[in-house]
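In: I'd like to go over a predicted model; first the sequence, then the structure.
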Amino acid sequence: MNGIPATPSPINEPIFSYAPGSPERAELQAELARQADQVVDVPLIIGGEEIRTGNTFDVVMPHDHGHVIARAHMAGPDEVRRAIDAATGAHQEWSMMRWEDRVAVFLKVADLLAGPRRAKLNAATMLGQSKNAFQAEIDAACEIIDFFRFGAHFAETIYGKQPLSEPGVWNRAEYRALEGFVYAVSPFNFTAIGANLPGTPAMMGNVSVWKPSHAALLSNYYVMQLFDEAGLPPGVINFIPGDPVEVTKVVMSDPNFAGIHFTGSTAVFRSFWKTIGDNIGKYRSYPRIVGETGGKDFIAVHPSADAAPVKTAIVRGSFEYQGQKCSAASRAYIPESMWGELKGPLIEETASLSMGDVRDFSNFVNAVIDRKAFDKIKGYIEDAKASEDAEVIVGGDCDDSVGYFISPTIIVAKRPDYVTMCDEVFGPVMTLYVYPDDEWEETLKLVDATSEYALTGAIFAKDRRVIRHATDVLCQSAGNFYINDKPTGAVVGQQPFGGARGSGTNDKAGSMFNLMRWVSARSIKETFVSPTDYTYPFLGKD
Ligand code: NAD
């Protein structure tokens, strides 16, 4: 008790290679075979108790949609209320627990994942969300580990931020948990976001009701098991898969609703904001609203750039994890003078990308997440094939006979406002616009104004003056801005992540700024010798 602890200095978790012959590859393959051979019963977890409602949802592999790997129980309104009660019931003890005990739980989660649980969570992410070994490793293992190791360090930094004190007075800042519970609503595309949305507020003393995505239930359930294994007290995080609209309705009409930690699409986040506004009179406090949402991420190429790095940035930035990263490159602006040199190799490389089941490690791309996504992406591709304003130059094949497979696709748009230059497609589809070299200035304006989002973006140029100028002109166009690199792959502690405009509140996941949203500071002033005379010297007579 009597000490001011320092958290272990964080470093980013090293990424395993999974190269042929490596021990991690053998372990992961054995775990994939084990998990593919079972159907896991996924309960709700409320107040530490497993609850089975019998109203179940089949979790399938997106790359083999006839293959069920889990059956998840869905919450109804009663379970949602129970989860809220369990969370608010756990609030007093958890929020008053010493901070080093709280962060120790999450440091233990990180160590479990770095060691004995790594293969299990990676395999569940691969099978359930159709990620290849490398994409699962950087998400489910490394990013969760980084979120919690860096998070512990940021928590210590925040608690250490203390005000000045004048003689005779001791001023202190106390960083209280929010009064109430935090509603965490996570997307399918990163297991790490599932862990972070309820986990980070909990580190800061909050309790939460977590509604995972129906398309990430197996991995998210294993995250919940990790919290338990690391010693998180019952009720601090309550796991309730369920109908999103119904769950949200109950949660957002509760007076103890203290904040939303969301990642997902822009339309859903806007609907939350509206509901919160409509209910504002019901709440004990003004809820914290934190949401990271959609993107229409760009690569803008200046004539002074080299073609080869642009090609790699497009291929990796657009097609890794089937373009289902909020940061995925999905529109590019190519100068006419480079197009001749870039086009052939870009088509050739894109066409060569291997696609298939995640269990075959030679596949670079896998399936898109579900039928809804498949139909939506296919619709954009079919429209492009039929449009006079666009040309599909590679890919465009959609086959859902076994899994939801869409081949990496490049569309050349003849107009800079063609629909796939503007909309978030959220699939393996890149749209290019070829601009006249002397219209770089106009192109920068297009980059800025074409979409409602401002999440990530990249510029490629050699000329330093061009780099400086584009960085300034695109100041508000992206919250994560890359120079001569692809716009994906942000790392906790290195490139804090988030964007503004339609892309979210830019509270920078994996940074101290995000943690600040989950505390409410109390300023304490203590006077050692309290005054006993009300008069001030100026009152004296001349
Ligand atoms: P989504 O919005 O469909 O779902 C996200 C979560 O919201 C899920 O838990 C879902 O069940 C819930 N939800 C859906 N509709 C709802 C409703 N009407 N009311 C209440 N809850 C609802 O998003 P997704 O398909 O899971 O994820 C993809 C989206 O997430 C993309 O738009 C992507 O850009 C975005 N994303 C953003 C970031 C970021 O950091 N900016 C990171 C990852 C994903």
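Out: Good, I have the coordinates.

In: mind listing what's buried in stretch 373-387?
Out: 373-374, 377-378, 380-381, 384, 387 (16 or more other C-beta atoms under 10 Å). To be clear about C-beta, it is placed using only N, CA and C from the backbone, and glycine gets the same treatment.

In: which among the residues you listed gets closest to the ligand?
Out: Comparing those against the ligand with C-beta to the nearest ligand atom places A373 closest, at 7.3 Å.

In: Which pLDDT does the model give the closest one?
Out: The model reports A373 with a pLDDT of 98.

In: How about F272?
Out: pLDDT for F272: 98.

In: secondary structure class for it?
Out: Secondary structure for F272, judged by DSSP: H, G, I helix; E, B strand; the rest coil, is helix.

In: can you check A300 too?
Out: With three-state DSSP as the basis, A300 sits in strand.

In: Wait, it touches T456, no?
Out: No: contact criterion C-beta atoms under 8 Å: A300 and T456 do not qualify, at 12.0 Å.

In: Same drill for the two, tell me which one is more crowded.
Out: The neighbour count for A300 versus T456, taken as other C-beta atoms under 10 Å, is higher for T456 (32 against 26).

In: Okay, that one and G479: tell me how far apart.
Out: Relative to G479, T456 is positioned 7 Å away (C-beta to C-beta, to the nearest Å).

In: so what sits against both of those two?
Out: Contact criterion C-beta atoms under 8 Å, 6 or more residues apart in numbering; residues shared by T456 and G479: G499.

In: Quick one: residues contacting whatever residue of the stretch 51-200 of the chain ends up closest to the ligand.
Out: Closest contact between the stretch 51-200 of the chain and the ligand, by C-beta to the nearest ligand atom, is at P187 (3.2 Å). Counting by C-beta under 8 Å, 6+ apart, P187 touches 193, 213, 216, 263-265.

In: quick one: what helix or strand has the nearest residue to P5 once chain neighbours are set aside in it?
Out: Of all residues not flanking P5 in the chain, E100 sits nearest, at 4.6 Å (C-beta to C-beta, 6 or more residues apart in numbering). In the assignment (DSSP states H and E), E100 maps to helix 99-114.

In: Look at the residue lying closest to S318 once chain neighbours are set aside and give its secondary structure.
Out: Leaving aside its chain neighbours, S318 sits nearest to M430 (4.0 Å; criterion: C-beta to C-beta, 6+ apart). Per three-state DSSP, the secondary structure class of M430 is strand.

In: I'd say M430 and A329 touch.
Out: Yes: between M430 and A329 there is a contact at 6.4 Å, judged by C-beta under 8 Å.

In: Are there residues contacting both of those two? Which ones?
Out: 314, 318.

In: Quick check: residues of the stretch 201-350 of the chain near the ligand?
Out: Within reach of the ligand by C-beta under 6 Å from any ligand atom, the stretch 201-350 of the chain has these residues: 211, 213-214, 244-245, 248, 263-265, 268, 271, 292-295, 326.

In: So which of these are in strands?
Out: Secondary structure assignment by DSSP state E places 211, 263, 292 of these in strands.

In: So for the first one, what pLDDT did the model give?
Out: Each residue has a pLDDT score; the one for K211 is 98.

In: and it, what does it touch?
Out: Counting by C-beta under 8 Å, 6+ apart, K211 makes contact with 183-186, 240-242, 244, 247-248, 251.

In: Put the buried members of those residues into a PyMOL selection.
Out: Entered in PyMOL, the line below selects the buried ones among the contacts of K211, by 16+ other C-beta under 10 Å:
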select buried, resi 183+184+185+186+240+241+242+247+248+251
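
In: any idea which of the contacts of K211 is the one closest to A307?
Out: S186 (38.5 Å; C-beta to C-beta).

In: Which residues of this protein lie near the ligand?
Out: Counting by C-beta under 6 Å from any ligand atom, the chain sits next to the ligand at 185-190, 193, 211, 213-214, 244-245, 248, 263-265, 268, 271, 292-295, 326, 424, 426, 455, 497, 503-504.

In: Alright, that wraps it up for me.
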